[in-house]
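1. I'll drop the sequence and a predicted model, then ask my questions.
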Amino acid sequence: MTKACQSVILKSIELVNNLIAKTKTSTALKVVTNILNKTSETGRKVTDNFKENMRTQLDEYLPQWNYTATFCVN
C-alpha cells in the first residue's frame, strides 16, 4: 500500500479506496476494501460484557496476522 499511495495527495476517501484496492503482492494476493459511510461517536464506552461477547475467528492460512472480530449482542 505504501507504494500505491506514494507521492499521491489523498484528496478523497474514494481515491484512497481505489489506491488500496489496486494493491497486490507478487503472488497476486489482492486487498479488499470497504468504506463505511457513517460517523463514529467519540467517547463511547464499551459494555461490561464486551469481551465475553467478542467473537474472534482466526484466518486459516495466516492466523497470526489475519482475524475477524465480531461483537454479538445477545
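-> Thanks, I have it. Numbers count the residues shown, from 1 in each chain.
2. extract the CA atoms of the lengthiest helix in the chain and return them as PDB.
-> What stands out as the longest helix in the chain, according to DSSP state H, is helix 13-21. These are the backbone C-alpha positions of helix 13-21, laid out as PDB (Å, rounded to 0.1, in the frame of the first residue of the first chain):
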ATOM      1  CA  ILE A  13     -11.900   8.600   0.500                       C
ATOM      2  CA  GLU A  14     -12.700   7.200  -2.900                       C
ATOM      3  CA  LEU A  15      -9.100   7.900  -4.100                       C
ATOM      4  CA  VAL A  16      -7.700   6.100  -1.100                       C
ATOM      5  CA  ASN A  17     -10.100   3.200  -1.600                       C
ATOM      6  CA  ASN A  18      -9.100   2.900  -5.300                       C
ATOM      7  CA  LEU A  19      -5.400   3.000  -4.500                       C
ATOM      8  CA  ILE A  20      -5.700   0.400  -1.800                       C
ATOM      9  CA  ALA A  21      -7.900  -1.800  -4.000                       C
END
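3. what about the next helix or strand after that helix, average pLDDT?
-> Using DSSP states H and E, the next helix or strand after helix 13-21 towards the C-terminus is helix 50-53. Mean pLDDT, computed over helix 50-53, is 76.
4. hmm, back to that, now the longest helix of the chain: average pLDDT?
-> 84.
5. gap between it and the chain center?
-> Put simply, helix 13-21 sits 13 Å off its chain's centre (CA atoms, centre = their mean, to the nearest Å).
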